[in-house]
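Enquirer: pasted the sequence and its predicted model underneath.
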Amino acid sequence: MRVLILGGTSEANLLAASVAAAGHDAIYSYAGRTQVPVNQPLPTRVGGFGGADGLADAIRQEGFTHVVDATHPFATEISRHAVVACATTATPLVALERKPWIKTLDDIWIEVADIASAVAALPEKPARIFLAIGRQHIAPFAMRPQHAYTLRFIDAAGGPLPLPDADLIVSRGPFTLAGELDLMRARRIEWIVARNSGGVGARAKIDAARELGLPVVMITRPELPERLRVESVAEVMHWLGHRACLGA
Ligand code: NAP
């Protein structure tokens, strides 16, 4: 058995720990987006494969027998490529995908399908907005230059920000409810833009928005091709042949 973990998430990191502890031959793959990736207890590789064909070539050349797509729910390209590459090479694939957040009665969510719709959902009147989305998605918000944006990235911005009024926080999660409440109060945040990533590490901002009664423009999950999906590391370990992981 030789396992390829497509990573870059806290779930992938937890999986890497379990796979390493089980003594599997495995490689953890990073896209290479952050300057200082989290250290892994497995050998890592960094950088794209060159599309679905490149990933299929890597699977053949490296002799991977199992692929775990533990990438972020909004990382759609790599997930689509994994489906195609695994079908092409007849390699078993499982996606480790965290549950989306569910709106409660106390949440004020404006649910939209994509970034363009999120831009359109913002108010006309100038507002203070926490743009809690990845660096590569902020440029379209320049269409609404009247707002004061707070951004939060893992690394310092590589070059000028494309928004005229933007304040950047450099910080890596997980974040706490108390910390998010402090941030939103200190910056007098009025609106939040977020993607429904799900999981524990990023949800504090959603809980804080609920507590403060702030509206959240929530970008819903993108559609992905049908594939085997599980929600826990234990289920992936079970899939890899560790029956004890599910208590069987
Ligand atoms: P994406 O749009 O799906 O991927 C763009 C390209 O990056 C892919 O086509 C692939 O290049 C390469 N790539 C992505 N993930 C890779 C991986 N784990 N190993 C090797 N190559 C990878 O992904 P994204 O939204 O830019 O996210 C990039 C990475 O950051 C993902 O691994 C994801 O887990 C992590 N991440 C993303 C988010 C997010 O909000 N999207 C949040 C937290 C972490 P080739 O086509 O050349 O193979």
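Expert: Great, that's in hand.
Enquirer: could you find the closest non-adjacent residue to residue 82?
Expert: Spatial nearest neighbour of residue 82, excluding adjacent residues (C-beta to C-beta, 6 or more residues apart in numbering): residue 69 at 4.6 Å. In short, each C-beta sits where N, CA and C put it, glycine included.
Enquirer: tell me what residue 219 is bridged to.
Expert: Each beta-bridge partner of residue 219 is listed here, defined by DSSP bridges: residue 112, residue 195.
Enquirer: hang on, isn't it packed against residue 114?
Expert: Yes. At 6.5 Å, residue 219 and residue 114 qualify as touching, with contact defined as C-beta atoms under 8 Å.
Enquirer: for the closest residue to residue 123 other than its chain neighbours, phi and psi?
Expert: Closest residue to residue 123 in three dimensions, ignoring its sequence neighbours and counting by C-beta to C-beta, 6+ apart: residue 191, at 7.2 Å. Here is the backbone geometry of residue 191 (degrees, to the nearest 10): phi -140, psi 150.
Enquirer: what does residue 152 give?
Expert: Per degrees, to the nearest 10, the backbone of residue 152 is at phi -140, psi 120.
Enquirer: my read: it touches residue 172, true?
Expert: No. Residue 152 is not in contact with residue 172 according to C-beta under 8 Å; the separation is 9.4 Å.
Enquirer: of the two, which one has the most company?
Expert: Shown here are residue 152 and residue 172; by other C-beta atoms under 10 Å, residue 152 has more neighbours (19 against 13).
Enquirer: read off the pLDDT value for the more buried one.
Expert: Residue 152 is assigned a predicted lDDT (pLDDT) of 95.
Enquirer: that older thread, residue contacts, the residue nearest to residue 82?
Expert: Applying C-beta atoms under 8 Å, 6 or more residues apart in numbering, one finds that residue 69 lies in contact with 6, 78, 79, 82, 93, 94, 95, 96, 227.
Enquirer: state the distance from it to residue 90.
Expert: Applying C-beta to C-beta, to the nearest Å, one obtains 16 Å for the distance of residue 69 from residue 90.
Enquirer: same check, this time on residue 126
Expert: Where residue 90 is concerned, residue 126 sits at a distance of 56 Å (C-beta to C-beta).
Enquirer: ok but residue 67 is inside a strand, no?
Expert: Yes. According to DSSP: H, G, I helix; E, B strand; the rest coil, residue 67 belongs to a strand.
Enquirer: partners of it in the sheet?
Expert: Here residue 67 shows beta-bridge partners residue 4, residue 93, assigned using DSSP bridges.
Enquirer: which one's more surrounded, residue 126 and residue 90?
Expert: With neighbours defined as other C-beta under 10 Å, residue 126 and residue 90 compare such that residue 126 has more, 13 against 7.
Enquirer: pLDDT score for that one?
Expert: 98.
Enquirer: touching, residue 166 and residue 149? I think so.
Expert: Yes. Taking contact to mean C-beta under 8 Å, the distance of 4.4 Å between residue 166 and residue 149 places them in contact.
Enquirer: between the two, point out the one with more neighbours.
Expert: residue 149 (23 against 19).
Enquirer: give me the neighbour count for the residue nearest to residue 142 when sequence neighbours are not counted.
Expert: Leaving out its chain neighbours, the residue that sits closest to residue 142 by C-beta to C-beta, 6+ apart is residue 162, at 5.1 Å. The burial metric for residue 162, expressed as a neighbour count using other C-beta under 10 Å, is 13.
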